[in-house]
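Participant: coords below, sequence missing:
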């Protein structure tokens, strides 16, 4: 029986340069898809999967993330006296319990692998989940919960994957697929951003991991790789020699909100999904001529 995964790590130290000037003074993780910050989607997903300890690897100018997961007494009091009970309840529901959050600093932008290594003392000698907040998923159950099911059965290291157009594999970390079903197959290798002709599959690593603590020792010795950064994939390629890695081709779809196109697409899809916004938003899109004829007609009131 594998050790239970209780801790999740969220790397949130990035500069968000692709969203300047919006991220000049605001962390990219606080950009909103509809009305929820990117980081909140990741925390919600982790909580659904049974995570109890949320570790944030931050950097300078990221204090607002810590504030977001703290009580704001003045705001709560104002909502209470104004009778805005629904908004107050929503804030309280999202708030982790006292002692469930930890924050540590990545003092230099040395890559994802280095950010994960910065969490080593808070994670300890336990397996942990790793969630990249840029990657927002439309999935029920959540992707991490789907991966937990595979972990409970197989243990080891688990990586969430999704198919990508074969011509686009050079933008992603790609896994080599061994035997097993989509819900849990053996990963036999990994390649970072291969050329299409050299890619072992079209399954890309989509920002969700369950990792064993031995990854920390490898990261401490890892030399800089692509972009002059310490790459997590490089350490995983070493760990796979001695530990099992399982891929989960989850049910759902990922939106890369680290890109403007992915971020805008996520806003549209999640807004259309909302019962309180979807019908009116669909109608507004129809009036702008942004839906096809059938969808626009369906947007008109009965």
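Facilitator: That came through, no problem. Quick caveat: nothing in here was measured; it's all calculated off a predicted structure.

Participant: give the buried residues for stretch 152-169.
Facilitator: 154-162, 164, 169 (16 or more other CB atoms under 10 Å). C-beta: built from backbone N, CA, C; applies to glycine.

Participant: kindly apply the preceding question to stretch 262-271 instead.
Facilitator: Here stretch 262-271 shows 262-263, 265-267, 270-271 as buried, counting by 16+ other CB under 10 Å.

Participant: thought residue 52 was touching residue 4?
Facilitator: No - under the criterion of CB atoms under 8 Å, residue 52 is not in contact with residue 4, lying 9.3 Å apart.

Participant: run through the helices of the protein in chain order.
Facilitator: 38-48, 63-68, 73-81, 85-94, 112-117, 120-123, 143-154, 214-221, 232-239, 260-273, 278-287, 293-299 (DSSP state H).

Participant: and those helices as a markdown table, adding distance to residue 203 and mean pLDDT?
Facilitator: Listed next are those as a markdown table, based on distance: least, CB to CB, whole Å; pLDDT from 0 to 100:
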| stretch | distance to residue 203 | mean pLDDT |
| --- | --- | --- |
| helix 38-48 | 20 | 97 |
| helix 63-68 | 31 | 89 |
| helix 73-81 | 44 | 80 |
| helix 85-94 | 32 | 78 |
| helix 112-117 | 19 | 94 |
| helix 120-123 | 27 | 96 |
| helix 143-154 | 14 | 96 |
| helix 214-221 | 21 | 92 |
| helix 232-239 | 14 | 91 |
| helix 260-273 | 18 | 96 |
| helix 278-287 | 31 | 91 |
| helix 293-299 | 32 | 45 |
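
Participant: quick check: which of the ones you listed is buried the most?
Facilitator: Ranked by mean neighbour count under mean count of other CB atoms under 10 Å, the helices of the chain are led by helix 112-117, which reaches a mean of 24.

Participant: which strands or helices does it pack on?
Facilitator: strand 7-11, helix 214-221, helix 232-239 (3 or more CB pairs under 8 Å, 6 or more residues apart in numbering; DSSP states H and E).

Participant: ok, residues contacting it?
Facilitator: 9, 11, 13, 57, 106, 108, 130, 132, 211, 215-216, 219-220, 222, 229-235 (CB atoms under 8 Å, 6 or more residues apart in numbering).

Participant: export the buried residues of stretch 152-169 to CSV and tack on distance to residue 63?
Facilitator: CSV is the format used below for these (distance: CB to CB, whole Å):
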residue, distance to residue 63
154, 39
155, 37
156, 36
157, 33
158, 32
159, 32
160, 30
161, 34
162, 33
164, 35
169, 38
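
Participant: which of these lies closest to residue 61?
Facilitator: residue 160 (29.3 Å; CB to CB).

Participant: what's the separation between the nearest residue in space to residue 219 that is not next to it in sequence and residue 205?
Facilitator: Nearest residue to residue 219 in three dimensions, chain neighbours excluded: residue 117, at 4.1 Å (CB to CB, 6 or more residues apart in numbering). Going from residue 117 to residue 205 by CB to CB, to the nearest Å gives 18 Å.
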